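**Student:** below are the sequence and a predicted model for it; my questions follow.
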Amino acid sequence: MHAGERASGHVKGETAQAPASSRGPVRGAPRTDRVVFGVTAALTLAFVLWGAVATDSLGGVSAEMLDWTMHNGGWAFVLAASGFVIFSLWLAFSRYGKITLGTEGEAPEFRTVSWVAMMFSAGMGIGLMFYGVSEPLSHFSEPPPGTHPDDAAQAMEESMATTLFHWTLHPWAIYAVVGLAIAYSCFRRGRRQTISAVFTPLIGHRRANGPLGKVIDVLAIFATLFGSAASLGLGTLQIRSGLQEVGWMSSVSDGVLVAIIAVLTAAFVASAVSGVEKGIQWLSNINMVLAALLVAFIFVVGPTILMLNLLPTSVGSYVGDLPQLMARTDASSGKGVAEWLSGWTVFYWAWWISWTPFVGMFIARISRGRTIRQFVGGVILVPSVVSLIWFAILGGTAMELEAGGARLTDEATQEGQLFSVLREYPIVGATTLVVMILVAIFFVSGADAASIVMGTLSQRGTLEPTRFVVVVWGVLTGAVAAVMLLIGGGGDAALEGLKNLTILVAVPFTLVMAGLCVALTRDLRRDPLILRGEIGEEAVGSAVIAGSELYDGDFEIRIGPATTPRGEGE
């Protein structure tokens, strides 16, 4: 019918409007965006020099800025994270859920089993190693503000509910927003693979490729760099505890911490420049095997029945407490909650947000051909199940040992508590070495891909950034991690330096993510599939009205190619 011709013409016209510079991932010789690369690298280098020359000054300024941010904007992180959950679920269950991330009728690039396996790999990170024991144990021994468990069993339930709140639905909805926006923009609209290109429907092609777009990409690189640096810092702290646990060092100085950072940085840079297939894929395969072996070992030798009981119990507690967890702010939960939020919930939301350019781009790359409904379901559910199992096994074991008098919380550092758990079971030397290897590989495989993503963003969306750019971002990531640790004093307070700066850097990118939601919604409203549906409904409705008026309801509607009425055009 004529309506079909109209819809087809609209789609063709819209596709033709996309400039060549914005069409799909850039292949061939990459061209560096000198403004994006130069400004970001210069500001990062200035930060590193400030931290190296005047560590106390940088630490004081960051602490003051954090206090101001938490007092005036902590609510924004809490509200934004829940908003991203609602937005993701709305897209999945709305009429937009049937839209394919690619051309219409395009089959998924990867089989479902492979896609789920890669999603599982993305869901496993250095944070699960660092917090797998320490977070449930911390909430168990010191319940969050506003919670008053009556006994150890209830304390365990509250602890798992809070932990799952930080590691399941919310963080992966945050990742889903960015990943979905990039996948739709790149594979459905044919734009280049940058954060700024996603804003085209909101600010136009010229601004997306102009100064405003460059600012957006600079913020994306900053977020990725500091998020990767925070992970490097966490990994360094855990390796430090491992070295002390196996007896290789009685104490680890700041110089040794910096040396560990240097070794890990050299490893992930070497992996990044060796190519994705040789680097990330090989390391990820090793990690999956080692992580599965570690979890299986603890499951067998630990309190197995408790772990199995924790699976349904934790889900029930999480679902029941979710409204209260989502509403927890300084005003709602009483004294001390601001400090608690900055150390836990807000830090997590900031950390996830800082990783969204990297994780989002990774998820987008492997999701071509999936529908929006499949994408949201897979991205949120698969890693959430992985996190549930991980924390039920590691966290459940730790809480059971603590309740039995093991006094794991006497361990001076959070990163050392995992080793305290392993100490309670056989072959502690071997399992400690496995943990240190896992931590190193988790970071190397993640930072490997993150450095490539930063190269992609600074070279106009190219799929294969030059080695020089990748090396620069890798070295700067290591330098920033060293500064972040030293701001915290390099000792037991080093974790605070990591958290403070991660929160501060994530603030501007939170605004970028809010803009992404608006831009994606505007894009989806003009999607060819949606437009054809609207035009078709309008045409059928008009035909029904006309048939009722002309033939008193005695008519039928036939759908087929439009024909020219006899007598026209003669």
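**Tutor:** Nice, thanks for sending it over. Numbering: from 1, shown residues only.
**Student:** C-alpha coordinates for the host helix or strand of Trp352, CSV please?
**Tutor:** Element membership of Trp352 [criterion: DSSP states H and E] is helix 345-365. Extracted as CSV, the C-alpha positions of helix 345-365 are listed here (Å, rounded to 0.1, in the frame of the first residue of the first chain):
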residue,chain,number,x,y,z
THR,A,345,27.1,1.8,47.6
VAL,A,346,28.2,5.1,46.1
PHE,A,347,31.7,3.8,45.5
TYR,A,348,30.3,0.8,43.7
TRP,A,349,27.9,2.8,41.5
ALA,A,350,30.8,5.1,40.7
TRP,A,351,33.1,2.2,40.0
TRP,A,352,30.6,0.5,37.7
ILE,A,353,29.9,3.8,35.9
SER,A,354,33.6,4.4,35.4
TRP,A,355,33.9,0.9,33.7
THR,A,356,30.8,1.4,31.4
PRO,A,357,32.7,2.7,28.4
PHE,A,358,34.9,-0.4,28.4
VAL,A,359,32.4,-3.1,29.5
GLY,A,360,29.6,-1.5,27.4
MET,A,361,31.7,-1.5,24.3
PHE,A,362,32.7,-5.1,24.9
ILE,A,363,29.2,-6.2,25.4
ALA,A,364,28.1,-4.3,22.3
ARG,A,365,30.7,-6.0,20.1
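**Student:** now the host helix or strand of Gly60: buried residues?
**Tutor:** Mapping Gly60 onto the secondary structure by DSSP H and E places it in helix 55-93. Applying a neighbour-count criterion of 16 or more other Cβ atoms under 10 Å, one finds 55, 58-59, 62, 66, 69-70, 73-78, 80-85, 87-89, 91-92 buried in helix 55-93. All C-beta spots, glycine's among them, are computed from the backbone N, C-alpha and C.
**Student:** hang on, the earlier thing: can you give me the angle the following helix or strand past the helix holding Trp352 makes with helix 345-365?
**Tutor:** Moving toward the C-terminus from helix 345-365, the first helix or strand encountered (DSSP H and E) is helix 372-403. In terms of direction (axes from the mean of the first three to the mean of the last three Cα atoms, to 10 degrees), helix 372-403 departs from helix 345-365 by 140 degrees.
**Student:** tell me which residues of helix 372-403 are tucked away?
**Tutor:** 372-380, 382-384, 386-388, 390-403.
**Student:** returning to that earlier point: okay, the angle between the helix holding Gly60 and helix 345-365?
**Tutor:** In this structure, helix 55-93 runs at an angle of 60 degrees to helix 345-365, with the same axes, to 10 degrees as the basis.
**Student:** what's the average pLDDT for helix 55-93?
**Tutor:** Mean pLDDT, helix 55-93: 87.
**Student:** packing partners of it?
**Tutor:** Under the contact criterion of 3 or more Cβ pairs under 8 Å, 6 or more residues apart in numbering; DSSP states H and E, helix 55-93 touches helix 34-53, helix 169-183, helix 337-343, helix 345-365, helix 372-403, helix 467-487, helix 494-525.
**Student:** tell me the angle it makes with helix 494-525.
**Tutor:** Per the same axes, to 10 degrees, the angle that helix 55-93 makes with helix 494-525 is 30 degrees.
**Student:** looking at the helices and strands packed on helix 55-93, which is nearest to Gly446?
**Tutor:** helix 345-365 (7.7 Å; Cβ to Cβ).
**Student:** just checking, what packs against that closest one?
**Tutor:** Applying 3+ Cβ pairs under 8 Å, 6+ apart, we find helix 345-365 packed against helix 55-93, helix 112-123, helix 152-167, helix 169-183, helix 211-245, helix 428-458, helix 494-525.
**Student:** ok, of those, where does mean pLDDT dip lowest?
**Tutor:** Here the lowest mean pLDDT among the helices and strands packed on helix 345-365 goes to helix 112-123, at a mean of 70.
**Student:** so what's Asn118 closest to, chain neighbours aside?
**Tutor:** One correction, residue 118 is Met, not Asn. Ile366 (5.2 Å; Cβ to Cβ, 6 or more residues apart in numbering).
**Student:** phi, psi of that neighbour?
**Tutor:** With angles defined as degrees, to the nearest 10, Ile366 shows backbone torsions of phi -100, psi 0.
**Student:** next one: the helix holding Trp352 to chain centre, how far?
**Tutor:** When C-alpha coordinates are averaged (Cα atoms, centre = their mean, to the nearest Å), helix 345-365 and its chain have centres 3 Å apart.
**Student:** turn the helices and strands packed on helix 55-93 into JSON lines, columns for distance to Pro426.
**Tutor:** As requested, the helices and strands packed on helix 55-93 are exported to JSON lines (distance: least, Cβ to Cβ, whole Å):
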{"stretch": "helix 34-53", "distance to Pro426": "43"}
{"stretch": "helix 169-183", "distance to Pro426": "34"}
{"stretch": "helix 337-343", "distance to Pro426": "34"}
{"stretch": "helix 345-365", "distance to Pro426": "33"}
{"stretch": "helix 372-403", "distance to Pro426": "14"}
{"stretch": "helix 467-487", "distance to Pro426": "33"}
{"stretch": "helix 494-525", "distance to Pro426": "30"}
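**Student:** nearest to Ile298, of these?
**Tutor:** Closest approach to Ile298 among these is made by helix 372-403 (5.6 Å; Cβ to Cβ).
**Student:** below-threshold pLDDT in the stretch 251-400 of the chain: ranges please.
**Tutor:** 252, 275-283, 330-336 (pLDDT under 70).
**Student:** let's see it at 80
**Tutor:** 251-254, 271-288, 329-339 (pLDDT under 80).
**Student:** list the contacts for the closest residue to Ala80 other than its chain neighbours?
**Tutor:** The spatially closest residue to Ala80, leaving aside those adjacent along the chain, is Thr510, at 5.4 Å (Cβ to Cβ, 6+ apart). The contact partners of Thr510, by Cβ atoms under 8 Å, 6 or more residues apart in numbering, come to Ala76, Phe77, Ala80, Ile353.
**Student:** ok, these vs Gly302, which is closest?
**Tutor:** The shortest approach to Gly302 among the contacts of Thr510 belongs to Ile353, at 33.7 Å (Cβ to Cβ).
**Student:** gap between the closest one and Phe77?
**Tutor:** Computed as Cβ to Cβ, to the nearest Å, the Ile353 to Phe77 distance reads 8 Å.
**Student:** shared neighbours, those two?
**Tutor:** Between them, Ile353 and Phe77 share the neighbouring residues Ala506, Thr510, with contact defined by Cβ under 8 Å, 6+ apart.
**Student:** could you verify my assumption that Ala364 touches Ile182?
**Tutor:** Yes. Taking contact to mean Cβ atoms under 8 Å, the distance of 4.1 Å between Ala364 and Ile182 places them in contact.
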